[in-house]
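# can't give you the sequence, but here's the structure:
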């Protein structure tokens with residue numbers, strides 16, 4: 001493994017360092033853990049399809065793209081409402 005330098009705004013670096021320290025980690029360790037946890041768009045899509053397949057297998061429900069879009073719209077609306085409070 002080789003080290004890499006990544007340039008980000010100082011405020012972002014300081015914030016990440018603060019979060020890492022609060023979890024008892026170095027910034028380096030925190031970023032490594034974060035990189036392992038974050039999914040690519042393709043990985044997220046694969047997991048969503050796997051969840052849909054399990055749902056179909058479990059109870060026969062076949063979530064359509066339209067169903068998912070309506071649920072996403074409702075979730076976005078609720079999140080917007082919560083942020084406004």
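Sure, I can see it. Predicted model, so just to flag it, every value in this text is computed and none were measured.
# secondary structure class for residue 39?
coil (DSSP: H, G, I helix; E, B strand; the rest coil).
# residue 3 versus the nearest residue to it once chain neighbours are set aside, what's the distance?
Closest residue in space to residue 39, ignoring its immediate chain neighbours: residue 47 at 7.0 Å, by C-beta to C-beta, 6 or more residues apart in numbering. From N, CA and C alone the C-beta is placed, and that goes for glycine too. Relative to residue 3, residue 47 is positioned 31 Å away (criterion: C-beta to C-beta, to the nearest Å).
# who has more neighbours out of those two?
Comparing residue 47 with residue 3 by other C-beta atoms under 10 Å, the one with more neighbours is residue 47, at 11 against 5.
# show the pLDDT at that one.
With respect to pLDDT, residue 47 scores 94.
# what helix or strand does it sit in?
Using DSSP states H and E, residue 47 falls within helix 41-59.
# contacts made by that helix with the rest, please.
39, 61, 62, 63, 68 (C-beta atoms under 8 Å, 6 or more residues apart in numbering).
# for the residues you listed, pick the one with the most neighbours.
residue 63 (14 neighbours).
# helix/strand/coil for that one?
Residue 63 - assigned by three-state DSSP - is coil.
# could you chop the protein up by domain?
According to automatic domain parsing, the chain comprises the domains 7-38, 41-84.
# can you give me the end-to-end distance of the longest one?
By that I understand domain 41-84. 28 Å (C-alpha to C-alpha, to the nearest Å).
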